[in-house]
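> I need the structure of the sequence given here:
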Amino acid sequence: MPLVVFVGLWEETVFRGFLLGRLRAVFDAPDRPETRLRRDALAVVLSGAVFAAGHVYQGALGVLQT
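Got it, this is the predicted structure:
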């Protein structure tokens, strides 16, 4: 049971904490603050795609559900 909890916390920390923050920084346009919503949406979609790609071993249904 501790391993299950650890894996879930690790995935959320890496993908939601680190990766999402880094992607937002990569797509940041400091001279154009009006693009913030587009930047955030792109970062969320790419973070989700990378997270889903880590579940390819579950098959296509597993990726879609993720």
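> give me the pLDDT for residue 12.
With respect to pLDDT, residue 12 scores 82.
> again, but for the one 10 residues further on
Residue 22 is assigned 91 on the pLDDT scale.
> for it, identify the helix or strand it belongs to.
Per DSSP states H and E: residue 22 is located in helix 20-26.
> how about residue 54, phi and psi?
Backbone torsions of residue 54, given as degrees, to the nearest 10, read phi -70, psi -10.
> could you measure from it over to residue 64?
For residue 54, the distance to residue 64 equals 14 Å [Cβ to Cβ, to the nearest Å]. To be clear about C-beta, it is placed using only N, CA and C from the backbone, and glycine gets the same treatment.
> these two: who's more crowded?
Ranked by neighbour count (other Cβ atoms under 10 Å), residue 54 and residue 64 place residue 54 first, with 13 against 10.
> which residues touch that one?
When contacts are counted by Cβ atoms under 8 Å, 6 or more residues apart in numbering, residue 54 touches residue 11.
> only the buried residues of the helix holding residue 22, if you could.
Residues 20, 23-24 are the ones in helix 20-26 that count as buried (16 or more other Cβ atoms under 10 Å).
> neighbouring contacts of the helix-or-strand element of the chain with minimal mean pLDDT?
When each helix and strand of the chain is scored by mean pLDDT, DSSP states H and E, helix 2-11 comes last, with a mean of 84. Residues external to helix 2-11 that are found in contact with it (Cβ under 8 Å, 6+ apart): 51, 54.
> tell me the SS of the spatially most central residue of the chain?
Central residue check for the chain by Cα atoms, centre = their mean: the C-alpha nearest the mean position is that of residue 47, 2.4 Å away. At residue 47 the chain is in helix, as set by DSSP: H, G, I helix; E, B strand; the rest coil.
> stretch 33-50 - what's its average pLDDT?
Per-region confidence: stretch 33-50 scores 86 on mean pLDDT.
> now do it: distance to the chain's middle.
Averaged C-alpha coordinates place stretch 33-50 at 10 Å from its chain's average position (Cα atoms, centre = their mean, to the nearest Å).
> fine, thanks again, bye for now.
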